[in-house]
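Participant: Quick one, what's the 3D model for this:
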Amino acid sequence: MDPNQPPVENYANPKTCLFHVLFKGAALAFYILSALFFNSFVIIFVVTVLLAALDFWVVKNVSGRILVGLRWWNEINDLGESVWKFESLDQESLARMNKKDSWLFWWTLYLAAAAWLILGIFSLIRFQADYLLVVGVCLSLNVANIIGFTKCKKDAKKQFQQFASQTIASRFQSTVQSAFTLV
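Facilitator: The predicted structure follows:
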């Protein structure tokens, strides 16, 4: 090994990464392979949707926080309107997040959605409306996480920009005030 070569960054949270990928893979694998072992659409539907729901929950509540420092949820306010809520680590902590963890999080999120979309196209081509329903539920859960985390990431950047603008403005204001007090 070359001593001048920079060390390879490992996953900071390998267990979280494993579960982040495990439920996605389990839902996809069960859906794809279940026809070989089960004749019952109900079993295929229930188990696949259960695995997809577990994946949704793990991504939304665990791996999103740990791997990318983001969390989102949706509430209904008193007026009956849907309101998105976002949490993120401060910008300094986000900058220190492990790049491999973040890369795995985002790529698997998008690849799983692409896989469900392809499976949906196959179900549509084969005129299997019942299996299209399974794929639709799983794709909806995946897309909800994509939308939630993408909005959350944009919100975190916006908050950082607002903080930076306020900090610069207050420093400028204090510099101008101190300059006038000297005159």
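Participant: Could you look up the SS state of residue 73?
Facilitator: Secondary structure assignment for residue 73 (DSSP: H, G, I helix; E, B strand; the rest coil): strand.
Participant: In three-state terms, label the nearest residue to it once chain neighbours are set aside for me.
Facilitator: Spatial nearest neighbour of residue 73, chain neighbours left out: residue 85 (5.1 Å); criterion: Cβ to Cβ, 6 or more residues apart in numbering. Every C-beta, even on glycine, is put in place using the N, C-alpha and C of the backbone. Residue 85 carries the three-state label strand when classified by three-state DSSP.
Participant: Residue 85: neighbouring residues, count only.
Facilitator: 12 (other Cβ atoms under 10 Å).
Participant: In contact with it, which residues are there?
Facilitator: 72-75 (Cβ atoms under 8 Å, 6 or more residues apart in numbering).
Participant: Relative to residue 147, how far out is it?
Facilitator: For residue 85, the distance to residue 147 (Cβ to Cβ, to the nearest Å) stands at 14 Å.
Participant: and the residue nearest to residue 73, how far is that from residue 106?
Facilitator: Taken as Cβ to Cβ, the span from residue 85 to residue 106 is 21 Å.
Participant: Same check on residue 40?
Facilitator: Remark: distance between residue 40 and residue 106 (Cβ to Cβ) = 36 Å.
Participant: Residue 153 now?
Facilitator: Relative to residue 106, residue 153 is positioned 9 Å away (Cβ to Cβ).
Participant: Contact partners for residue 134?
Facilitator: Neighbour list for residue 134: 31, 44-45, 48-49 [criterion: Cβ under 8 Å, 6+ apart].
Participant: Check which helices and strands whichever strand or helix holds residue 45 is in contact with.
Facilitator: For residue 45, the host element (DSSP states H and E) is helix 41-58. In terms of contacts (3 or more Cβ pairs under 8 Å, 6 or more residues apart in numbering; DSSP states H and E), helix 41-58 is packed against helix 14-37, helix 129-182.
Participant: just how off-centre is the shortest one within its chain?
Facilitator: Going back to what we said before, that points to helix 14-37. 17 Å (Cα atoms, centre = their mean, to the nearest Å).
Participant: Could you measure from residue 109 over to residue 59?
Facilitator: Distance from residue 109 to residue 59, counting by Cβ to Cβ: 7 Å.
Participant: and for those two, which residues touch both?
Facilitator: By Cβ under 8 Å, 6+ apart, residue 109 and residue 59 have these common neighbours: residue 145.
Participant: By mean pLDDT, which helix or strand of the chain comes out lowest?
Facilitator: One helix or strand of the chain scores below all others by mean pLDDT, DSSP states H and E: helix 91-95, with a mean of 64.
Participant: buried set for the helix or strand just after that helix?
Facilitator: Where DSSP H and E defines the elements, the next helix or strand beyond helix 91-95 is helix 99-125. Across helix 99-125, burial judged by 16 or more other Cβ atoms under 10 Å covers 100-102, 104-106, 108-109, 112-113, 115-116, 119-120, 123.
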